[in-house]
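K.L.:
pasting the sequence and the predicted coordinates here, then a few questions.
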Amino acid sequence: MNWLTNYVRPRLRALVERRRVEVPENLWHPCPACERMIFHRDLDANRRVCPHCDHHFRVGADFRFRELFGETWEVLELPRVAVDPLRFRDLKRYTDRLRDAQSRCGTHDAVAAAAGELAGLPVVVAVMDFAFMGGSMGRAVGEAIVTAAREAVRRRAAFVVFTASGGARMQEGMFSLVQMARTTAAVQEVKEAGLPYVVVLTDPTTGGVTASFAMLGDVHIAEPGALIGFAGRRVIEQTIRERLPDGFQTAEYLREHGMVDMVVHRFELPATLARVLDLLMRPRAAAAAEPTAGDEGPAALPPPAPEQDLEALDEAADD
Amino acid sequence: MLDFEKPIVELEGKVRELRQLMENNAELDLADEIERLEQRAARLLAQTYARLTPWQKTQVARHPDRPHTGDYVAALIEDFTPLAGDRLYGEDPAMIGGLGRFRGRSVVVLGQEKGRETEDRVRHNFGMARPEGYRKAQRLMRLAERFGLPVLTFVDTPGAHPGVGAEERGQAEAIARTIETCLDLRVPVVATVVGEGGSGGAIAIATADRVLMLEHAVYSVISPEGCAAILWRDAEKAPEAAGALRLTAQDLHGFGLVDEIVEEPLGGAHRAPQTTIARVGDAIARHLEELTEIPGEELRAARRRRFLAMGTAS
């Protein structure tokens, strides 16, 4: 790019790397994509997007709430569910894994939800945390999505879900699989109430979460570079025994294949969400009443007469 | 033949040999010996099948001679009229379906077919449906609703197909939308897990008013092999994983996730396919009888309530 990025940064990086042992490790973060070191304050100031390569770091629920709601929001109380229905044990007890995750993340399970206002519109947001057991969906996650969806209906609010999940939580067996049906039923209630349901797919969203509520939004927004898919890469490689195409299962790839509406940079996300919700929830707002002059597109054209329409159809049929 | 069936099959083989001997040699009287062996074989069979481990059940559920969806359709559905294609992209032989008459009543029937001979199995993709299969299922369910026909599904799949094309054409969306369609229908939906209920690919067509399961069928969030590879980091631990996952009909019925277990003939469905199919038919008919009494809107609301409440009680 320029002298600064090409020369000074690598030198600085080299310096930093040599001295890494002396630096408290949480002050500098390596970018998982470009591997350059980023000072934590720079990373936060840049909304946890790599200033070098634009890689979007995974973020937690509080970050999302702050981004969307600014100063004030109301954290929703999520019901506790009975844990470990199967008394599952692999190399470790499931209850131990759960306790580890709880103490590491400081949360009860992989979803947090809050209600607030975005551009003056009531919104309920549920955020999945990949750091909590890979964002896997068990009963607690299902319960959280159901609770948040119903809260949206109760408040006549839009429902926005930030997905991040490796899929179903195996340790809960079939109890986890039926959450696919549960969460689907929950978002149906939101839709039937005439409220918008918007999914923001973040890195990574795979398996049973993708194959249920994550793919049923009225609008699908994805963060750049996010991994989104159904089956895992390794499973697919084993099945087809060939290399996967470049960019396979990325947000951009999914947009190209018609599965997401837009890939939106984190800087633009609050404004984009606000615009989408405003358009859906305030169909007669002042801004939409008077189209601005010079507006291009079909809206600026006079509506064709019905007869012309039919003729055009006939002509098309002759082709 | 499954490993744990070997001693039984050996005994049965011996009985056949002795009978042959007797036929060829009129003076020889082996009747007592034959009867003794037959009793032993029957006892062994009963004992073995009375305490199959979850991993053994997984093997029985995958047994190549076990009746498949196509066999149920052939035996239970008159005037079966297969319908093809999702009207969007293609036809998927892993998901078979169509119109037909079940005990006099028009129905839409659908389910995964694994295929039997090698060539056939490849054609049916071993029962692993692609997005087209799920979209075809949605289409047939909508058709059923338009004409007020009940939907009968037969679940038998290792899972939805994992592949590049399947991902590109939205495997996840196809499954999600199929679950949504199941929840949306104003006609009765009865699902029967007849063999392997493999994860999202299975629940896509099993979000039903009634979910029945054959005695030795399995239904799981992930295959025991897959689970073992991830959590034990060793696919060889599949037998342990099968136990931990609680994937048997008995466990799932106990959890309230399955409504009824259909008993299999002694020694498993593969030993007496027609008896098995007839029992499944009777069970479906019984549930259908109850469900057809309920108005469509009520059915739909009850189905949604049921799944919203499912898996919450411990």
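P.N.:
It's in.
K.L.:
pull out the buried residues from stretch B:256-269.
P.N.:
B:Leu257, B:Val258, B:Asp259, B:Glu260, B:Ile261, B:Val262, B:Glu264, B:Pro265, B:Gly267, B:Gly268, B:Ala269 (16 or more other CB atoms under 10 Å in any protein chain shown). C-beta coordinates here come from the backbone N, C-alpha and C atoms, glycine included.
K.L.:
biggest separation within the residues you listed, which pair?
P.N.:
Pairwise distances among those were taken by CB to CB; the largest, 26.4 Å, belongs to B:Leu257 and B:Gly267.
K.L.:
now whichever residue of the stretch 101-250 of chain B sits closest to chain A, what's its secondary structure?
P.N.:
As assessed by CB to the nearest CB, chain A sits closest to B:Pro162 within the stretch 101-250 of chain B, at 3.3 Å. Three-state assignment for B:Pro162 (DSSP: H, G, I helix; E, B strand; the rest coil): coil.
K.L.:
how about B:Ile222?
P.N.:
Once three-state DSSP is applied, B:Ile222 turns out coil.
K.L.:
mind listing what it touches?
P.N.:
By CB atoms under 8 Å, 6 or more residues apart in numbering or on different chains, the contact list for B:Ile222 reads A:Ala168, A:Met170, B:Ser199, B:Ile230, B:Leu245.
K.L.:
got a markdown table for these, with secondary structure and pLDDT too?
P.N.:
Formatted as a markdown table, the contacts of B:Ile222 follow (DSSP: H, G, I helix; E, B strand; the rest coil; pLDDT from 0 to 100):
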| residue | secondary structure | pLDDT |
| --- | --- | --- |
| A:Ala168 | strand | 96 |
| A:Met170 | helix | 96 |
| B:Ser199 | helix | 96 |
| B:Ile230 | helix | 92 |
| B:Leu245 | helix | 97 |
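K.L.:
just flag the most distant two among those residues.
P.N.:
B:Ser199 and B:Ile230 (13.1 Å).
K.L.:
between the two, which has more neighbouring residues?
P.N.:
Counting neighbours by other CB atoms under 10 Å in any protein chain shown for B:Ser199 and for B:Ile230 shows that B:Ser199 has the greater number, 28 against 16.
K.L.:
which residue does the stretch 101-250 of chain A bring closest to chain B?
P.N.:
Using CB to the nearest CB, the single residue of the stretch 101-250 of chain A nearest to chain B is A:Ala231, 3.3 Å away.
K.L.:
which of the buried residues of stretch B:256-269 are close to chain A?
P.N.:
B:Leu257 (CB under 8 Å from any CB of the partner chain).
K.L.:
relative to chain A, which of the buried residues of stretch B:256-269 is nearest.
P.N.:
Proximity of the buried residues of stretch B:256-269 to chain A (CB to the nearest CB) peaks at B:Leu257, which lies at 5.2 Å.
K.L.:
in which helix or strand would I find the closest residue to that closest one other than its chain neighbours?
P.N.:
Closest residue to B:Leu257 apart from its sequence neighbours, by CB to CB, 6 or more residues apart in numbering or on different chains: A:Met174 at 5.2 Å. Element membership of A:Met174 [criterion: DSSP states H and E] is helix A:173-192.
K.L.:
nearest to A:Pro79, of the contacts of B:Ile222?
P.N.:
Taking CB to CB as the measure, A:Pro79 lies nearest A:Ala168 of those, at 20.0 Å.
K.L.:
now do stretch B:42-57: distance to the chain's middle.
P.N.:
With CA atoms, centre = their mean, to the nearest Å as the basis, stretch B:42-57 stands 19 Å off its chain's centre.
K.L.:
with stretch A:141-152 instead?
P.N.:
For stretch A:141-152, the distance to the chain centre is 16 Å (CA atoms, centre = their mean).
K.L.:
and the contacts of it?
P.N.:
By CB under 8 Å, 6+ apart, the list of residues contacting stretch A:141-152 reads A:76, A:78-79, A:81, A:109-113, A:115, A:123-126, A:128, A:135, A:157-159, A:161, A:165, A:169, A:176, A:178-179, A:182-183, A:185-187, A:189-190, A:193, A:195, A:213, B:308, B:311-312.
K.L.:
in it, what's buried?
P.N.:
Neighbour-count burial for stretch A:141-152 [16+ other CB under 10 Å]: A:Val141, A:Gly142, A:Glu143, A:Ala144, A:Ile145, A:Val146, A:Thr147, A:Ala148, A:Ala149, A:Arg150, A:Glu151, A:Ala152.
K.L.:
show me where chain B has its helices.
P.N.:
B:6-24, B:31-50, B:54-61, B:69-76, B:118-123, B:131-146, B:164-168, B:171-184, B:199-203, B:224-227, B:238-245, B:249-254, B:273-291, B:296-309 (DSSP state H).
K.L.:
may I see the ones you listed arranged in TSV, with distance to chain A as well?
P.N.:
TSV is the format used below for the helices of chain B (distance: least, CB to the nearest CB, whole Å):
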stretch	distance to chain A
helix B:6-24	30
helix B:31-50	23
helix B:54-61	11
helix B:69-76	20
helix B:118-123	13
helix B:131-146	9
helix B:164-168	5
helix B:171-184	4
helix B:199-203	4
helix B:224-227	5
helix B:238-245	5
helix B:249-254	6
helix B:273-291	18
helix B:296-309	4
